[in-house]
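pasted the sequence and its predicted model underneath.
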Amino acid sequence: MDFDETRLYYSHQSLRKRNDDEDANAINNDNEEQEENDGISPAVVRRHFREFLRNYRNGNQYYYRDKLTRLHRRQSEKLQIDLQHLGEYDPELLGLLRMHPTKYIPFMELASMDALKSILYENDRQQTVDGDSTNNNEDETAAAASTNESEIMSSSPIQLLFRGSLALTPLRKIQSQHINQLIKCPGIVISTQPVKSRATSLTIRCGRCLDEQRLSVEGGAFAGTHLPRRCSGPEGDQCGPFPYAVVPDESKFCDRQSWKVQEVPESVPTGEMPRSLLVAVERGLVDTAPPGTRVELMGIPTLLTTSADKNVQSVYLQVVGVERPKAPTVSLTPAEETAFAALAKHPKVYDILSRSMAPSLSGSYTVDIKKAILCLLLSGSRKKLPDGVRLRGDINVLLLGDPSTAKSQFLQFASRVAAPVGIYTSGKGSSAAGLTASVVKDKAGEFYLEGGAMVMADGGVVCIDEFDKMRPQDRVAIHEAMEQQTISIAKAGITTVLNARTSVLAAANPVFGRYDDLKSAEENIDLMTTILSRFDLIFLVRDTRDEERDIQICRHVMGVHMSKNNGSSSQQTDETSADIARLVQKIADTGEGELSIAALKKYIYYCRTRCQPRLDETSGEQLVSHYVQIRNSAGSKNSSIPITVRQLEALVRLSESLAKLRLDPQVQPEDVQEALRLFSVSTMVAASTQATSVQNDYGYTEQFLQLRLKKGQLVNRSRLLEEAAAQGHSAVVVAQALHAMVGRGEVQERHSG
């Protein structure tokens, strides 16, 4: 039995149907003339929206009746309206909302109050037995419905929030034709200001005659009102100029907060600065999105006067709905998902993906680096323990080595392929505030938060080039972000924690620019142990002199420069979903070829969102036994790259990422073996690298020079080199030893002439 079957309601009818009385009254009224031009009266919209709330069914359920009842019981103020439901009920009503939201939303909020009153009345009537009490309640409801509309509009306790699948409008595409229309914009909240109170209705009182007036504040979130210059009381002429003062206790206010929203990094055109927009949220939407949050805003572009020229006005977004997507999404078609599933089952999928990573970079030393970056892009599985502790699943990799070994190229490629978001930055041009977050002081003297690169890349990858060129205090600032994946702020009265769930791919040079074989790893690496232990894999990239290797690299470089496909990069970026599906399916069938950047990015996103592998007991025991062996063979406890429990967790993450690329929910023993191999050729090599045998030769050569050169003796340099060569010492090592002895002041070098 429906609660309203005994009552009379308006039936579903066309919004533009108006009776003769309305048409007659509209002739002599300017406002109603405007309504006649628009074709729809706000009163009709109010009545029609009330019908929608009471009559819309989702199956056998009255969807919004139940939501209004729960809203009343919880004493909440927010009622979410799905635009799809509104379009199903009446497309014309949805069109009015989209084209004139500022005009009709206040009346829709009144309609929600009307619907709630009728629902509460019917609920009470069903529980009432006495007919007289029923009549009294009906009279009271009718009296309540006739309350002054202006008072209800200024203090409506129900806030309508809208959501739906409108086409997304990028921030840089907001133009004059969007003003005062309902649009949906994606972006990232980069700063939030403190919550302020905005007056919706002011009660003012004359200081002399106590005359009171009520002023309604209209015009948007940043609108104001002017107090009357003269008193309108019976003796207003005697009250003087500006006699009125605001009575706060009898005025009505609502919360208002300003956000700064920036374009998402993946939508910014190459070579352009990301655009940002001022956003105003009110009432129940304040403090719902901290800096760094990705949001999809349902809002109304509104003009804001910021200069003396009234004809030139900037735009801000009046928000009427906030959606927080779970993660930045990459659209996948069914054909692509089928092709990706087939590729994941290929026995050589690991080799296919690794050779698709930066195919323009070649060399034996790049093979393991490509596999490590592939594991970084896939990442492990995030875990939340019962006590609330979170274990990161993101993998951090450091490339440390000589110049001209393609470290920066690896970083730039990873930032392009990273799904769903990748940010590339240079350590020399980055500060602690730029990477993490900062507290900024605005023109009014108030402080607000502004997120940095690691906050903006939440859920993706941050690539930091020239990592060794950063100031030490800036590197210390990212310690928390690399391990706990949060950024804590306690400045200027602002205390908060921001998410920074990102993988870090960094590149750095040794202390002397090039790796010095005469020095140990501790002397070559100018990074603190605390930050090195946070990298899961550390690669020493050496530019060694090997004839075969040099010939191979030269041929590859020449092939890249002479290739006829150098101009096809634009074609790769324009690949359609059908092209990607065909390419992936072909590679899955034949096992030959390389994935394009677009296909690789989508496959990485597909694996990250479809699979979260876990270790079993066998794999866990295998890792434990190997970790103990690795720790025992690590050597000195004072090594610059210590082997700690963090490295054990790194092995777990690597094993999970290797299982993820096959969409395997369980880590297999071969995944553990490959993770141990990658760890051995990277971090273990860097940790165990000591001065080579050249250092022993250096010691013998320096001892020979000390015995040969007596105090006060003058020796010809050429003759000294000949004597050293006769004793079996290398001329290069002799020159280095002499240079070191001169630097220490043990030997003075004099030039003839």
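Done, it's in. Numbering: from 1, shown residues only.

need the longest helix for the protein.
As assigned by DSSP state H, the longest helix anywhere in the chain is helix 101-126.

do you know the pLDDT at Ala372?
According to the predicted model, the pLDDT of Ala372 comes to 91.

element containing it, please.
Element membership of Ala372, judged by DSSP states H and E, is helix 366-378.

how far does that helix sit from the chain's center?
What separates the centre of helix 366-378 from the centre of its chain is 23 Å, taken as CA atoms, centre = their mean, to the nearest Å.

swap in stretch 705-716?
66 Å.

can you check stretch 102-117 too?
Mean-position distance between stretch 102-117 and its chain equals 35 Å (CA atoms, centre = their mean).

what's the mean pLDDT across that stretch?
On average, stretch 102-117 scores 85.

what does stretch 189-202 give?
Per-residue pLDDT values across stretch 189-202 average out to 84.

how near is Gly591 to Ala342?
Look at Gly591 and Ala342: by CB to CB, to the nearest Å, they are 11 Å apart. C-betas here are computed from N, CA, C, even on glycine.

intersection of neighbour lists for those two?
The overlap between the contact sets of Gly591 and Ala342 (CB atoms under 8 Å, 6 or more residues apart in numbering) is empty.

give the buried residues for the helix holding Ala372.
Residues Thr366, Asp368, Ile369, Lys370, Lys371, Ala372, Ile373, Leu374, Cys375, Leu376, Leu377, Leu378 are the ones in helix 366-378 that count as buried (16 or more other CB atoms under 10 Å).

partner strands of the next helix or strand after it, with direction?
Under the assignment DSSP H and E, the closest C-terminal helix or strand after helix 366-378 is strand 383-384. Strand 383-384 pairs in its sheet with strand 390-391 (antiparallel), by DSSP bridges.

just how off-centre is the partner strand within its chain?
Between the centre of strand 390-391 and the centre of its chain there are 19 Å (CA atoms, centre = their mean).

just stretch 57-76 next, same as before
For stretch 57-76, the separation from the chain centroid amounts to 33 Å (computed by CA atoms, centre = their mean).

cool, and stretch 468-477?
23 Å.

before we move on, what about stretch 529-540?
Using CA atoms, centre = their mean, the distance between the centre of stretch 529-540 and that of its chain works out at 25 Å.

surely Asn422 and Phe413 touch.
One thing to correct before we go on: residue 422 is Gly, not Asn. No: no contact is recorded between Gly422 and Phe413 when judged using CB atoms under 8 Å, the distance being 9.6 Å.

still on that earlier bit, what packs against the helix holding Ala372?
Packing contacts for helix 366-378, counted by 3 or more CB pairs under 8 Å, 6 or more residues apart in numbering; DSSP states H and E, involve helix 349-356, strand 397-401, helix 407-417, strand 503-508, strand 537-541, helix 597-610, helix 645-660, helix 669-679.

between the next helix or strand after the fifth one and helix 366-378, how many degrees?
For strand 537-541, the following helix or strand on the C-terminal side (DSSP H and E) is helix 547-562. Relative orientation of helix 547-562 versus helix 366-378 (axes from the mean of the first three to the mean of the last three CA atoms, to 10 degrees): 60 degrees.

helix 547-562 - what's its average pLDDT?
The average pLDDT within helix 547-562 is 78.

cool, and stretch 304-319?
Here stretch 304-319 scores 72 as its mean pLDDT.

endpoint to endpoint, that stretch covers what distance?
Here the two ends of stretch 304-319 are set 14 Å apart, with distance taken as CA to CA, to the nearest Å.

show me what contacts Glu263?
Glu263 makes contacts with Pro170, Leu171, Arg172, Gly187, Ile188, Pro274, Arg275, Ser276, as judged by CB under 8 Å, 6+ apart.

selection in ChimeraX covering whichever of those are buried, please.
Below is the selection syntax for ChimeraX that covers the buried ones among these, with 16+ other CB under 10 Å defining burial:
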select :171,187,188,274,275,276
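
could you dump the contacts of Glu263 to JSON lines with distance to Val349 and secondary structure?
Rendered in JSON lines, the data for the contacts of Glu263 read as follows (distance: CB to CB, whole Å; DSSP: H, G, I helix; E, B strand; the rest coil):
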{"residue": "Pro170", "distance to Val349": "35", "secondary structure": "coil"}
{"residue": "Leu171", "distance to Val349": "38", "secondary structure": "helix"}
{"residue": "Arg172", "distance to Val349": "39", "secondary structure": "helix"}
{"residue": "Gly187", "distance to Val349": "36", "secondary structure": "strand"}
{"residue": "Ile188", "distance to Val349": "33", "secondary structure": "strand"}
{"residue": "Pro274", "distance to Val349": "35", "secondary structure": "coil"}
{"residue": "Arg275", "distance to Val349": "39", "secondary structure": "coil"}
{"residue": "Ser276", "distance to Val349": "41", "secondary structure": "strand"}
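
just put the contacts of Glu263 in CSV and tack on distance to Glu77.
Below are those laid out as CSV (distance: CB to CB, whole Å):
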residue, distance to Glu77
Pro170, 31
Leu171, 28
Arg172, 33
Gly187, 25
Ile188, 27
Pro274, 34
Arg275, 32
Ser276, 29
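
least confident pick among the contacts of Glu263?
The lowest pLDDT within these belongs to Pro274, which sits at 79.

was I right to think that residue contacts Glu266?
No: in this structure Pro274 lies outside contact range of Glu266 using CB under 8 Å: 10.6 Å.

pLDDT score for Asp536?
Checking the pLDDT column for Asp536, the value is 89.

one step back: what's the angle between the helix holding Ala372 and strand 397-401?
Here helix 366-378 runs at 150 degrees with respect to strand 397-401, directions being taken by the same axes, to 10 degrees.

what's next to helix 366-378, contact-wise?
With contact meaning CB under 8 Å, 6+ apart, helix 366-378 is reached by 350, 353-355, 357-358, 361, 394-397, 399, 406, 410, 413-414, 417-419, 461, 503, 505, 537, 539, 541, 604, 607-608, 653-654, 657-658, 660-661, 678, 681-682.

quick one, that helix and strand 537-541 angle?
Using the same axes, to 10 degrees, helix 366-378 lies at 150 degrees relative to strand 537-541.

please begin residue numbering at 841 from this point
Got it, the first residue is 841 from now on, which makes the last one we talked about helix 1206-1218.

could you work out the most separated pair of the contacts of Glu1103?
Spatial extent of these (CB to CB) is set by the pair Arg1012 and Ile1028 at 14.0 Å.

compare the helices and strands packed on helix 1206-1218 and give me the one nearest Ser1278.
strand 1343-1348 (19.1 Å).

quick one: strands adjacent to that closest one?
Strand 1343-1348 is paired, per DSSP bridges, with strand 1237-1241 (parallel), strand 1301-1305 (parallel).

just the pLDDT for Leu1183.
91.

with Leu1560 instead?
The predicted structure scores Leu1560 at 82 on the pLDDT scale.

pretty sure it is in contact with Arg1548, am I right?
Yes: using CB under 8 Å, Leu1560 and Arg1548 qualify as a contacting pair, with a distance of 7.0 Å.

neighbour count for the two, which is higher?
Leu1560 (16 against 13; other CB atoms under 10 Å).

where's the more buried one, which helix or strand?
Leu1560 is part of helix 1557-1566, with elements assigned from DSSP H and E.

helix or strand next in line after the helix or strand bottoming out on mean pLDDT in the chain, which one?
For the chain, counting by mean pLDDT, DSSP states H and E, helix 989-994 ranks last in confidence among helices and strands (a mean of 40). The element immediately downstream of helix 989-994 (helix or strand, assigned by DSSP H and E) is strand 999-1003.
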